[in-house]
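Trainee: Following is a predicted model, sequence given first.
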Amino acid sequence: MNWDQLLCSDRIRTITKSTTSRDLRTEFEKDYHRIIGSAAFRRLQDKTQVFPLDKSDFIRTRLTHSLEVSSFARSLGQNVGEKIIAGNIDPEFGVQQKEDICAILQCAGLIHDIGNPPFGHFGETAIQDWFKENLSKLTFKGKSVDSLLSEQMKQDFYNFEGNTQALRVVSKLHFLVDEHGMNLTKALLATIIKYPVSSLDIDKKSGNIKTKKMGYLYAEKDIFEDIQKSVGTNGSRHPLTYLLEAADDIAYKTADIEDSIKKGCITYAQLVDELKSLEIYKDESSVYHKAIDMLEHKYEKAVKNKVEKPDVYAVQNWVISIQGQMLFAASDSFINNYREIMDGTYRFDLFYGTEEEDIMDILGDIAYRYSFTSMPIYKLEIAADTIFKFLLDRFVEAVINYDTEEKMSVVSTRVVALISDDYRRIYKVFSEGKSEEEKLYLRLVLATDYICGMTDSFAKNLYQELNGIV
């Protein structure tokens, strides 16, 4: 792979450029304004990061998380770009390329979660489980729906992914001018595709991170292939995807700990005990041991200065220090594995094999055990499951006979009418001329499009309204 092609500024729909334009922004800088002005981006303010429907103003949402990832991603771009230039690692990489990757990564951070359904990652699981349980029970023209769909079409629903939906949102569903969505640059679109494989090629045991999940729906197969050809990745991850992923990991693993402390899911004492439980802590010269010492030092300083909540103060300040340490670790790892990354043969995330890997792993493990499996989260997930089942029951059943000669019930007609006009317009555009099999598939996608686009509050309120709950 080479940077000239990787930084492709073309768009799916070609824009005629005026020779007298006063706009001095690069194409990647223009992407930024397209994103922040979109309704899909604004909706992230009412989508869950960890704690669904939380009333507190300090708990992170998908919007604040995305802003943090955007900031970290840009910083990683600056670090890596400077290291490549200073070390003369790649002759074709210069100042302009550095500026471009910073702009791309900043934008990628903003949209990396834009396809996530309401209620966090539980929403993805709820959608997967519903289709696994119900697809074979649905019928169209007297035949089971699963028997009418191709294997890839079925697997798209069984392995539903917010990351995959993100490509669909920005390339189609954000209907501003036409059916090309935000019409972002191909380099940016390639960066947000974390897993460049279809639902048929998922292989969690391969040892290669790129096959961990699917990266695109059958519906976006043509777009995916166009992007891959244009940027020259040809089945490999885009190099900037590794930096985006690292930024995401840094943001959520450190933020989840901070939010958990503030919510009272874990105490400072429990956090320190957990951090000291790893065998590596016994090595006083290790980066890990020094990191824990730093946390305790910040707590002692807070107590000495009579800070009102020394535990929260210490963790907040420690998290900032850890984030900086992780940024440097990820940057160094990218440079150390530069040739493999550019050859498309690197198989791991950027923290693999680094001294900071243990810190990242235990932070994720602690957050999972103390927050994601806490009683409040369990209750909210049970409620979310009830909401998802109802919405999927209603909307999937309604769309099956939509836009066909088959008779629809009055209720199904009303339910389809609730779906966004833009989403129905997108269905009409991309179903035209398609086989009956593909149209059926796209109608099912229409239902998931609408439900995924909902915020937490909207999904809950719609559930209550349709059930007559005042």
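Mentor: Nice, I can see it.
Trainee: Tell me where the model's unsure across the stretch 51-200 of the chain.
Mentor: Of all residues in the stretch 51-200 of the chain, those with pLDDT under 70 make up the ranges 51-59, 177.
Trainee: Kindly recompute the last result at 90.
Mentor: Low-confidence regions of the stretch 51-200 of the chain, defined here as pLDDT under 90, cover residues 51-61, 119-122, 174-181.
Trainee: How far does stretch 173-191 stretch from one end to the other?
Mentor: Distance between the two ends of stretch 173-191: 19 Å, counting by Cα to Cα, to the nearest Å.
Trainee: Okay, buried residues for it please.
Mentor: 173-175, 179-191 (16 or more other Cβ atoms under 10 Å). C-beta: built from backbone N, CA, C; applies to glycine.
Trainee: Roughly how far does the nearest residue to Val307 once chain neighbours are set aside sit from Lys301?
Mentor: Leaving aside its chain neighbours, Val307 sits nearest to Tyr313 (4.7 Å; criterion: Cβ to Cβ, 6 or more residues apart in numbering). Applying Cβ to Cβ, to the nearest Å, the value for Tyr313 to Lys301 is 9 Å.
Trainee: So for these two, which sits in the more crowded spot?
Mentor: The residue with more neighbours, out of Tyr313 and Lys301 and counting by other Cβ atoms under 10 Å, is Tyr313; that gives 18 against 14.
Trainee: So which residues of the stretch 1-150 of the chain form helices?
Mentor: Assigned helices in the stretch 1-150 of the chain, in chain order: 3-6, 27-36, 39-42, 62-86, 95-111, 120-134, 145-148 (criterion: DSSP state H, counting those that start in this stretch).
Trainee: so of those, which one's packed in deepest?
Mentor: For the helices of the stretch 1-150 of the chain, the stretch with the most neighbours on average is helix 95-111, a mean of 24; neighbours defined as mean count of other Cβ atoms under 10 Å.
Trainee: Neighbours of Glu432, how many?
Mentor: As a burial measure, Glu432 scores 8 neighbours (other Cβ under 10 Å).
Trainee: Map the structural domains onto the sequence of this protein.
Mentor: If you go by automatic domain parsing, the domain ranges for the chain are 3-16+24-117+159-239, 253-374.
Trainee: Please work out the average pLDDT along stretch 204-219.
Mentor: The pLDDT scores in stretch 204-219 average 96.
Trainee: Mind listing what's buried along that stretch?
Mentor: Quick answer for stretch 204-219 (16+ other Cβ under 10 Å): 208-219.
Trainee: Mind checking which of those land in strands?
Mentor: Secondary structure assignment by DSSP state E places none of the buried residues of stretch 204-219 in strands.
Trainee: Tabulate these in TSV, adding columns for distance to Tyr370.
Mentor: As requested, these are arranged in TSV below (distance: Cβ to Cβ, whole Å):
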residue	distance to Tyr370
Asn208	31
Ile209	26
Lys210	31
Thr211	31
Lys212	25
Lys213	25
Met214	30
Gly215	31
Tyr216	35
Leu217	35
Tyr218	39
Ala219	39
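Trainee: quick one: which of these is nearest Lys460?
Mentor: Ranked by distance to Lys460 (Cβ to Cβ), these are led by Leu217 at 26.4 Å.
Trainee: The nearest residue to the closest one once chain neighbours are set aside and Thr386: what is the separation?
Mentor: Sequence neighbours aside, Asp156 is the residue nearest to Leu217 in space, at 5.0 Å (criterion: Cβ to Cβ, 6+ apart). For Asp156, the distance to Thr386 under the criterion Cβ to Cβ works out to 24 Å.
Trainee: Identify each buried residue in the strand or helix carrying Thr448, please.
Mentor: Thr448 belongs to helix 436-452 when elements are defined using DSSP states H and E. By neighbour count, and taking 16+ other Cβ under 10 Å as the criterion, the buried residues in helix 436-452 are 438-452.
Trainee: For Ala187, give me its contacts.
Mentor: Contacts for Ala187 were tallied using Cβ atoms under 8 Å, 6 or more residues apart in numbering; they are 6-9, 28, 100, 104, 231, 238, 240.
Trainee: State the distance from it to Pro310.
Mentor: Taking Cβ to Cβ as the measure, Ala187 and Pro310 are separated by 46 Å.
Trainee: can you state the direction angle for the helix or strand where Asp385 lies and helix 436-452?
Mentor: Element membership for Asp385, per DSSP H and E: helix 375-400. Between the axis of helix 375-400 and that of helix 436-452 there is an angle of 140 degrees, by axes from the mean of the first three to the mean of the last three Cα atoms, to 10 degrees.
Trainee: I'd like to know which elements helix 375-400 is packed against.
Mentor: Where contact means 3 or more Cβ pairs under 8 Å, 6 or more residues apart in numbering; DSSP states H and E, helix 375-400 is packed against helix 120-134, helix 410-418, helix 436-452, helix 456-466.
Trainee: who touches the closest residue to Phe348 other than its chain neighbours in this structure?
Mentor: Residue nearest to Phe348 in three dimensions, not counting chain neighbours: Ile209, with 5.9 Å by Cβ to Cβ, 6+ apart. Residues in contact with Ile209, defined by Cβ under 8 Å, 6+ apart, are 195, 237, 347-349.
Trainee: Against Pro196, how distant is Ile209?
Mentor: Look at Ile209 and Pro196: by Cβ to Cβ, they are 11 Å apart.
Trainee: Find the residues that touch each one of those two.
Mentor: Overlap of the contact sets of Ile209 and Pro196 (by Cβ under 8 Å, 6+ apart) consists of Arg237.
Trainee: what about the residue nearest to Val307, distance to Ala302?
Mentor: For Tyr313, the distance to Ala302 under the criterion Cβ to Cβ works out to 4 Å.
Trainee: I'd like to know which of the helices of the stretch 1-150 of the chain is closest to Ile223.
Mentor: In this view, the helices of the stretch 1-150 of the chain are compared for proximity to Ile223 by Cβ to Cβ, and helix 95-111 is the closest at 15.0 Å.
Trainee: quick one on the thing from earlier: for the helix holding Asp385, buried residues please.
Mentor: Of the residues in helix 375-400, those buried (16+ other Cβ under 10 Å) are 377, 380-381, 384-385, 387-389, 391-392, 394-400.
Trainee: Between helix 456-466 and it, find me the angle.
Mentor: 60 degrees.
Trainee: Tell me how far helix 375-400 lies from the chain's centre.
Mentor: Relative to its chain's centre, helix 375-400 lies at 21 Å (Cα atoms, centre = their mean, to the nearest Å).
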